[in-house]
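[1] Sequence unavailable; structure follows:
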């Protein structure tokens, strides 16, 4: 990007030198023609002055264009740098997203293992005591624990719950995703 800036600066300097050269040539030519009296009419002299003014105007416009082009090149370089920075941030965010997904998967796996362990504990308990413990749990958790148990043990625990509790846990059990 600095090569572009250097190139733009070199172009500007070259144009400024050319402009200076042409301006001195034009003013010298204007001075020679006006002093030598080579014009046969006032109209020719007026046209000559007009041509010189137009040339100066064109040179000024070229200078402005070169400066504008250099400014645009600088802006383009800044935009390219910002885009590269954004790309880097996106790549960093993607990497963080993958790390978070792995952490979430690990947490879910550990939660599943805890639920299976609780299921084994409740299977080994007296069904009425297990039902009493399950009745105090969050319904989602209770359904997940019962789903991890053998059907016969889960049925005994559901039998110890109130009809409403057993129906609610059964509905939740039916809507649970396969694991």
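    On my side now, so go ahead. Here the structure is a predicted model, which means the values were calculated and not measured.
[2] What separation is there between the most far-flung residue of the chain relative to its centre and residue 104?
    Within the chain, the residue lying farthest from the chain centre (C-alpha atoms, centre = their mean) is residue 40, at 70.3 Å. As judged by C-beta to C-beta, to the nearest Å, residue 40 and residue 104 stand 93 Å apart. To be clear about C-beta, it is placed using only N, CA and C from the backbone, and glycine gets the same treatment.
[3] before we move on, what about residue 146?
    Taking C-beta to C-beta, one finds residue 146 at 24 Å from residue 104.
[4] More neighbours: which of these two?
    residue 146 (26 against 10; other C-beta atoms under 10 Å).
[5] C-terminal to the longest helix out of those in the chain, what's the next element?
    Ranked by residue count under DSSP state H, the longest helix found in the chain is helix 42-124. Proceeding N to C from helix 42-124, the next assigned helix or strand is helix 127-135, under DSSP states H and E.
[6] now that following helix and helix 42-124, what's the angle there?
    Here the directions of helix 127-135 and helix 42-124 differ by 160 degrees (axes from the mean of the first three to the mean of the last three C-alpha atoms, to 10 degrees).
[7] pLDDT averaged over helix 127-135, what's the number?
    For helix 127-135, mean pLDDT is 92.
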